[in-house]
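S.K.: prediction below, plus the sequence it came from.
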Amino acid sequence: MRDKPERELIESVLGGDVESFGELGSRYWPAMVAIAYSVLDDHHLAEDAAQEALARALVGLRTLKNKNRFGSWLARICRNVAKNTAAARSRKVIAEDFLQPADNRDENESSSAVRRAIDKLGPGTKELVVLRYYDNLSYEQMSSVLGISKAAINGRLGRAKIKIAKYLRQSGYSDDS
């Protein structure tokens with residue numbers, strides 16, 4: 001199967017031969033990991049992104065218009081997955097920064113203050129905050145689970161952050177702490 005041309009492998013996959021996709025994947029694996037690594041600077045995350053890209057490619061192979069451009073199509077998918085992973089990682093860092101203790105306060109005190117602020121939110125808003133920042137669900141996952149649009153989620157989370165910040169200010173935590 002190693003000698004089989006790429007186009008034939010793609011046709012075999014479309015005909016139901018998943019092993020042919022394994023061959024395509026092994027041909028492109030090192031390049032996909034390298035592409036993802038260039039975005040993520042983490043080998044394990046790069047491998048995860050490459051694997052995700054291959055899974056998405058398998059699911060979406062029927063949408064590939066030009067069978068001779070499989071490599072660039074797969075690379076584009078991988079690059080997008082890596083960028084999404086990097087963005088999610090940066091959002092997680094921002095969320096962790098948001099939960100960091102203020103300068104001269106005990107970490108438990110700061111965490112408790114944030115939890116109290118979150119508890120003051122309405123049930124729907126509190127659920128969004130927990131799903132996003134504690135369970136690390138993506139907007140897509142939250143939209144699917146909750147049945148609301150990503151734009152609505154974004155707006156509600158923005159308003160929740162404002163409410164939490166206001167509560168923390170009223171509790172003696174300043175913006176520059």
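M.R.: Received it, and whenever you're ready, just let me know what you need.

S.K.: residue most distant from the centroid, the chain?
M.R.: Distance from the C-alpha centroid of the chain peaks at Asp3, with 36.1 Å (C-alpha atoms, centre = their mean).

S.K.: now it: how far from Glu19?
M.R.: With distances taken as C-beta to C-beta, to the nearest Å, Asp3 is found 15 Å from Glu19. C-betas here are computed from N, CA, C, even on glycine.

S.K.: ok, now Val130?
M.R.: Using C-beta to C-beta, Val130 is found at 42 Å from Glu19.

S.K.: which of the two has more neighbours?
M.R.: Remark: of Val130 and Glu19, Val130 carries more neighbours, 13 against 10, as counted by other C-beta atoms under 10 Å.

S.K.: what's the burial count for the residue nearest to the more buried one when sequence neighbours are not counted?
M.R.: Excluding its sequence neighbours, the residue lying closest to Val130 (C-beta to C-beta, 6 or more residues apart in numbering) is Ile118, at 7.4 Å. By the measure other C-beta under 10 Å, the count of residues near Ile118 is 18.

S.K.: and Ile118, how far from Gly158?
M.R.: Using C-beta to C-beta, Ile118 is found at 15 Å from Gly158.

S.K.: list the contacts for Arg89?
M.R.: Leu40, Leu45 (C-beta atoms under 8 Å, 6 or more residues apart in numbering).

S.K.: no wait, Asp17
M.R.: By C-beta under 8 Å, 6+ apart, the contact set of Asp17 is empty.

S.K.: pLDDT weak spots in this protein?
M.R.: Scanning the chain for pLDDT under 70 picks out the ranges 1-2, 91-108, 123, 127, 135, 144-147, 174-177.
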